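# Give me a model of this one.
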Amino acid sequence: MAPLRLIAGETLQLERNEIDQRLQRAEDSHNQERWTENSPQFVESCKELQDKAIEKIRPYARDRQFLISLLRKYNNGQETYKNLQDQIKKTDAKIKKVVRSFNGLGCADTIDEGAALSLQSNVYSYKEVPSKAQTPFFHSPITLFPKMIVFNPDP
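Residues are numbered from 1 along each chain as shown. Take a look at the predicted model:
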């Protein structure tokens, strides 16, 4: 396939048609159908990708919140204050990069950049009760202190 040329809109349309034709031939040879935006597989994949994106930005949001709490301890103009501001800007850029990459996938649900910057946002709340696999390990006393728990039914 020829490299993408930005000479005219017609050239781009021709290359898009060529890509569609190649994709159609691959689908036909493997007996696959192209997913639509309403197909259950596409919706499920988007949900999984959104969950992965949220889990990827959650630590950045925690770091950002911690840096902001440190920022309150220093006066504006101090070197530490400036360094913390720089770190917050870098963390914001990381969050926005992940959010933009997810939002560019074409899924119906998108993540709001402004909401993703705040850890208290509903972006980070589970929409359903988490399963055992999603529950963090520190919620279970058995995994936290396995040697301290003694099950002795007879006193």
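# contacts, neighbours, all on C-alpha from now
Noted.
# I'd like the distance between residue 54 and residue 89.
19 Å (Cα to Cα, to the nearest Å).
# Which one's more surrounded, those two?
More neighbours surround residue 54 than the other of residue 54 and residue 89, with 21 against 13 (other Cα atoms under 10 Å).
# What segments of this protein are helices?
In the chain, the segments counted as helices under DSSP state H are 9-29, 40-71, 79-103, 113-116, 141-144.
# For residue 124, which of those helices is the nearest?
Evaluated over the helices of the chain, closeness to residue 124 peaks at helix 40-71, with 6.8 Å, by Cα to Cα.
# any idea how far the residue sitting nearest the centre point of the chain lies from residue 106?
What sits nearest the mean C-alpha location of the chain, by Cα atoms, centre = their mean, is residue 53, with 1.1 Å. Look at residue 53 and residue 106: by Cα to Cα, they are 14 Å apart.
# low-scoring stretches of this structure, by residue?
By pLDDT under 70, the weakly predicted segments of the chain are 1-14, 126-155.
# ok so, going back, go ahead and confirm the residue nearest to the centre of the chain touches residue 103.
No. Contact status for residue 53 versus residue 103: not in contact, 9.9 Å apart, counting by Cα atoms under 8 Å.
# Kindly state the domain boundaries assigned to the chain.
As assigned by automatic domain parsing, the chain contains the domains 7-36, 37-128.
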